[in-house]
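J.: following is a predicted model, sequence given first.
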Amino acid sequence: MIGEGMTVWCCTPSLTSCDRQSVSKLLNTFGKAIYVDDEKFVDMSTSISGSGPAYIFMLMEAMIDSGVHMGFSRETATTLVHHTLLGSTLYAMETGEHPAILRNSVTSPAGTTASAIYELEKGGLRPLVNDAIWACYRRSLEMGGHNSSVGPRMIYNMGEKPATTLTTHEIHYMDSDIHTANVPSGEMVDLVDSKENGIGGKRGNNT
């Protein structure tokens, strides 16, 4: 326990102001607590702060492994990565600047960092992170018994009642000629439109 947790919480209107302050004080002993006026934001926060440490640990692992691959001892690579992430986070919190501004301030034209950023952008880091966070949010909704047909490329069919079952969802892909698809919960499906034969197919990966 390092006292740096992140808690997002809400309560019913019947809770008194005094009780709300007591709850807030208690939750802040674990780190930082943010009160929201709608329970939907609790599910949303799960995909960012709740599961977020796993994303950071995975990035940390990849950076450390790269350092070892280049020749550093694992201990040295770990120290380099830990303090780089810590220092960057503390600096961002202290300045309050938008991350894009901070990134630009440490990226010289035609320099080493610019080359690394180019590869990350070419590899689709941004949409990959975005997709992962939306997937986490949808799973959080499923586990709570709510409709999970939300996010990029997912909208309800006009006039249809959103699905409530945990086993299938009516999913409409805006960039496909196929109107609906019953997709098992937890299955990521890409609808592929073939220009050669004019028919649509789907590719599924169980995650």
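T.: Alright, I've got the coordinates.
J.: next up, the contacts around the residue most central in space within the chain.
T.: Closest to where the C-alpha atoms of the chain average out (CA atoms, centre = their mean) is Ile133, at 2.3 Å. With contacts defined as CB atoms under 8 Å, 6 or more residues apart in numbering, Ile133 is in contact with Ser47, Ile48. Using the backbone N, CA and C atoms, a C-beta is placed for each residue, glycine as well.
J.: can you rerun that using 10 Å?
T.: By CB atoms under 10 Å, 6 or more residues apart in numbering, the residues touching Ile133 are Met44, Thr46, Ser47, Ile48, Ser51, Gly52, Tyr55, Gly151.
J.: can I get those in JSON lines with neighbour count and distance to Pro13?
T.: Output for these, formatted as JSON lines (neighbours: other CB atoms under 10 Å; distance: CB to CB, whole Å):
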{"residue": "Met44", "neighbour count": "20", "distance to Pro13": "21"}
{"residue": "Thr46", "neighbour count": "20", "distance to Pro13": "23"}
{"residue": "Ser47", "neighbour count": "20", "distance to Pro13": "26"}
{"residue": "Ile48", "neighbour count": "14", "distance to Pro13": "26"}
{"residue": "Ser51", "neighbour count": "17", "distance to Pro13": "29"}
{"residue": "Gly52", "neighbour count": "15", "distance to Pro13": "29"}
{"residue": "Tyr55", "neighbour count": "15", "distance to Pro13": "34"}
{"residue": "Gly151", "neighbour count": "15", "distance to Pro13": "29"}
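J.: what's the closest of these to Glu4?
T.: Gly52 (12.0 Å; CB to CB).
J.: show me what the closest residue to the closest one other than its chain neighbours bridges to in the sheet.
T.: Sequence neighbours aside, Met6 is the residue nearest to Gly52 in space, at 7.9 Å (criterion: CB to CB, 6 or more residues apart in numbering). Under DSSP bridges, the beta-bridge partners of Met6 are Lys32.
J.: report pLDDT for Met6.
T.: If you check Met6, the pLDDT there is 81.
J.: so it is in contact with Ile34, correct?
T.: Yes. Taking contacts as CB atoms under 10 Å, Met6 lies within contact range of Ile34: 7.7 Å.
J.: fine by me, thanks again.
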